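Undergrad: need coordinates for the below:
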Amino acid sequence: MSSLKNKTVSGLIWSLSDLFAKQGIQFIVQIILARLLLPEDFGIIGMITVFIAISNSIINSGFSQALIREKNPTQEDYSTVFYYNLAVSILLYIILYSSAGFISNFFREPQLVSIIRVISLVIIINSFGLIQRTMLEKQIDFKTLTKVSFISSVLTGIIAVLFAFLGFGVWALVFQMLAMQFFIALFLMLNNRWLPSLVFSFDSFKRLFGFGWKLLVSGLLAQLYQNLYYLIIGRFFSATELGYYTNARRLKDMPSVAITSAIQKVSYPVLSSINDENVRLKSGFKKIIKNSIFITFPIMLGLSAIAEPLITFLFGNNWIPSIPYFQILCLAGMLYPLHAINLNILQVKGRSDLFLKLEIIKKIMGLTSIVIVLFLNLGIIGLLWALVINSYLGYLINSYYSAKLLDYNVIEQIKDISKMFVSSIFMAIVVYVIGLSIDFNSFITLLIQIPFGIIVYILLSKIFKIEELNTMKEIIKPYIRKIKRN
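TA: Numbering: from 1, shown residues only. Here you go, the predicted structure:
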């Protein structure tokens, strides 16, 4: 048990380090690019995002999860999936290359033809690193993934900023995406040193695809829905407004998606290793939920509270219209870890059928809300509030089956996180009021708001006796000692 706990904590620390190192570098690059480029440049890239995301989802096809879930996958299994990934990526590139003119006409943006035909190469490049990444995740070797992400992010950032400074405009963002996938795939291959065998097993394909196809459909629905706003805003509004949304979403994704991805990557292989022991599984599941929420809730609500000085300080006055977008998106993003962890249990238990069923229900619900917003002409703000409502309803739906599988119902989950929710809301209100009460520049305002928010949340955690505060102390202590020794 202690070995599993240590592996989980170590994996989580390195996974978080991976995401924050990668996101941290990309964040710095984003700040520089936002000051060198126009909002409409980000909007043009936002128009293509949905097609790249869907293509990557098709290539993976749930095979990564299937391989991680396999007790002892063979070289034949890995090779089969590699060749499938490569073949599908080439086919998808041809489809996108041929469809570039149609997509350009849909968005009424002539530049998209050449951009799509170049940027779609990331799909083929990405396919070369998928197996290496899956193998490292299965081994819970997030230390290697952290190094790969960090070095790739630094090199990519230098290239993107250089091209933006030289006046390449939107092409700086295109080269950024291409370079990022190229360096990640290259360094994964150099570090993992795995090569496919000259074999394609139809038995392996059938077995893995039998589990993965439902995750493929679920992933496609999720990617289409998550990126649907790029399509809608790009089609019915301007490239500039899409740029505001794109940058606000990227800023929101830094903490919410980073934390969720780290927890999801680590929790899935760890929980999969004890999927036959329901008592241990439920205990581990509860701990993961409570510890992730202890971090996520205050960060997301705190960011919403400091949105105005934060965006003004980071990106400048050109991006002020994106402030309300960012605030609303933070409210939706605070529940992402709960979504991911509850869905992880369905995969751990091999219930990809339920996973697919839930995704279909949520997407129908989400599409209905979008149609209502567009029909009532409520604008982008209305679309974003629909996203928040769907996020909360989606959590209730996701937790329904995990409650049945683990005997851990929604009421019990809400009770476990209620103190953290109340503490985070109170902290955010205090921080927001402080921002309204003082009249300094954005940098000084942030220097006052952020430390004050941290202190208030820690004090409330002690008052409410939130045990996750002690857990965080125990996790951080060894690393603080190590730093002191050095």
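
Undergrad: apart from its neighbours in sequence, what residue is nearest the residue nearest the centre of the chain?
TA: Residue closest to the mean C-alpha point of the chain, counted by Cα atoms, centre = their mean, is residue 257 at 3.1 Å. In this structure, residue 257 finds its nearest non-sequential neighbour in residue 336, 6.7 Å apart by Cβ to Cβ, 6 or more residues apart in numbering. The C-beta positions use only the backbone N, C-alpha and C, and glycine is treated the same way.

Undergrad: ok, back up a step: tell me which element the residue nearest to the centre of the chain is part of?
TA: Residue 257 is part of helix 239-272 when elements are defined by DSSP states H and E.

Undergrad: residue 411 now?
TA: In this assignment (DSSP H and E), residue 411 forms part of helix 410-437.

Undergrad: what is the helix or strand following that helix packed up against?
TA: Beyond helix 410-437 in the direction of the C-terminus, DSSP H and E gives the next helix or strand as helix 442-463. For helix 442-463, the elements it packs on are helix 278-305, helix 307-315, helix 410-437, helix 468-485, judged by 3 or more Cβ pairs under 8 Å, 6 or more residues apart in numbering; DSSP states H and E.

Undergrad: ok, which stretches of the stretch 51-200 of the chain are helices?
TA: 63-69, 75-107, 112-119, 121-127, 130-138, 142-165, 170-192 (DSSP state H, counting those that start in this stretch).

Undergrad: so which of these is the most packed in?
TA: With neighbours defined as mean count of other Cβ atoms under 10 Å, the helices of the stretch 51-200 of the chain peak in mean count at helix 63-69, which reaches a mean of 23.

Undergrad: what separates that one from the chain centre, distance-wise?
TA: 19 Å (Cα atoms, centre = their mean, to the nearest Å).

Undergrad: which strands or helices does it pack on?
TA: In terms of contacts (3+ Cβ pairs under 8 Å, 6+ apart), helix 63-69 is packed against helix 75-107, helix 130-138, helix 202-226, helix 239-272, helix 336-348.

Undergrad: now tabulate those helices in CSV and tack on distance to residue 393.
TA: Listed next are these as CSV, based on distance: least, Cβ to Cβ, whole Å:
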stretch, distance to residue 393
helix 75-107, 30
helix 130-138, 30
helix 202-226, 13
helix 239-272, 18
helix 336-348, 11
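
Undergrad: of the ones you listed, which is nearest residue 453?
TA: Smallest distance to residue 453 across the helices and strands packed on helix 63-69 (Cβ to Cβ): 13.7 Å, for helix 239-272.

Undergrad: export the helices and strands packed on helix 442-463 to CSV and tack on mean neighbour count and mean pLDDT?
TA: Below are the helices and strands packed on helix 442-463 laid out as CSV (neighbours: other Cβ atoms under 10 Å; pLDDT from 0 to 100):
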stretch, mean neighbour count, mean pLDDT
helix 278-305, 20, 87
helix 307-315, 20, 94
helix 410-437, 17, 93
helix 468-485, 11, 71
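
Undergrad: for residue 153, find the nearest of these.
TA: Closest to residue 153 of the helices and strands packed on helix 442-463, according to Cβ to Cβ: helix 307-315, at 17.7 Å.

Undergrad: other residues contacting the closest one?
TA: Defining contact as Cβ atoms under 8 Å, 6 or more residues apart in numbering, one finds that helix 307-315 is touched by 31, 34-35, 247-248, 251, 303, 319-320, 322-323, 326-327, 330, 435, 442-443, 445-446, 449.

Undergrad: okay, the helices and strands packed on helix 442-463 in CSV with distance to residue 64 next?
TA: Listed next are the helices and strands packed on helix 442-463 as CSV, based on distance: least, Cβ to Cβ, whole Å:
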stretch, distance to residue 64
helix 278-305, 20
helix 307-315, 34
helix 410-437, 27
helix 468-485, 27
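
Undergrad: tell me which of these lies nearest to residue 176.
TA: Closest to residue 176 of these, according to Cβ to Cβ: helix 307-315, at 16.7 Å.

Undergrad: and the closest one, C-alpha only, in PDB?
TA: Extracted in PDB, the C-alpha atoms of helix 307-315 (Å, rounded to 0.1, in the frame of the first residue of the first chain):
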ATOM      1  CA  ALA A 307      -9.100  38.800 -13.600                       C
ATOM      2  CA  GLU A 308      -9.000  42.500 -14.300                       C
ATOM      3  CA  PRO A 309      -5.500  43.400 -13.000                       C
ATOM      4  CA  LEU A 310      -4.200  40.000 -14.100                       C
ATOM      5  CA  ILE A 311      -5.100  40.400 -17.800                       C
ATOM      6  CA  THR A 312      -4.200  44.100 -17.900                       C
ATOM      7  CA  PHE A 313      -0.800  43.400 -16.400                       C
ATOM      8  CA  LEU A 314       0.000  40.300 -18.600                       C
ATOM      9  CA  PHE A 315      -1.400  41.200 -22.000                       C
END
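
Undergrad: from residue 150, how far out is the residue lying closest to residue 152 once chain neighbours are set aside?
TA: Ranked by Cβ to Cβ, 6+ apart and with sequence neighbours excluded, the top spatial neighbour of residue 152 is residue 183, at 3.8 Å. Taking Cβ to Cβ, to the nearest Å as the measure, residue 183 falls 11 Å from residue 150.

Undergrad: then residue 392?
TA: For residue 392 relative to residue 150 (Cβ to Cβ), the value is 35 Å.

Undergrad: if we can go back for a sec, of the helices of the stretch 51-200 of the chain, which is nearest residue 283?
TA: helix 63-69 (20.5 Å).

Undergrad: let me know the average pLDDT across the closest one.
TA: Averaging pLDDT along helix 63-69 yields 76.

Undergrad: who are the contact partners of the residue lying closest to residue 134 once chain neighbours are set aside?
TA: For residue 134, ignoring the flanking residues on the chain, the nearest one in space by Cβ to Cβ, 6+ apart is residue 64 at 4.6 Å. By Cβ under 8 Å, 6+ apart, the residues touching residue 64 are 130, 133, 134, 137.

Undergrad: least confident of those residues?
TA: Among the contacts of residue 64, residue 137 has the lowest pLDDT, at 77.

Undergrad: was I right about that one contacting residue 68?
TA: Yes: between residue 137 and residue 68 there is a contact at 6.2 Å, judged by Cβ atoms under 8 Å.

Undergrad: against residue 339, how distant is residue 376?
TA: Remark: distance between residue 376 and residue 339 (Cβ to Cβ) = 27 Å.

Undergrad: by mean pLDDT, flag the weakest helix or strand of the chain.
TA: When the helices and strands of the chain are compared on mean pLDDT, DSSP states H and E, helix 2-36 comes out lowest with a mean of 67.

Undergrad: show me what contacts the spatially closest residue to residue 189 that is not a sequence neighbour?
TA: In this structure, residue 189 finds its nearest non-sequential neighbour in residue 132, 5.9 Å apart by Cβ to Cβ, 6+ apart. Taking Cβ under 8 Å, 6+ apart as the criterion, residue 132 is in contact with 188, 189, 191, 192, 194.

Undergrad: quick check: closest non-adjacent residue to the fourth one.
TA: Counting by Cβ to Cβ, 6+ apart, residue 192 lies nearest to residue 132, which is 4.0 Å off, once chain neighbours are set aside.
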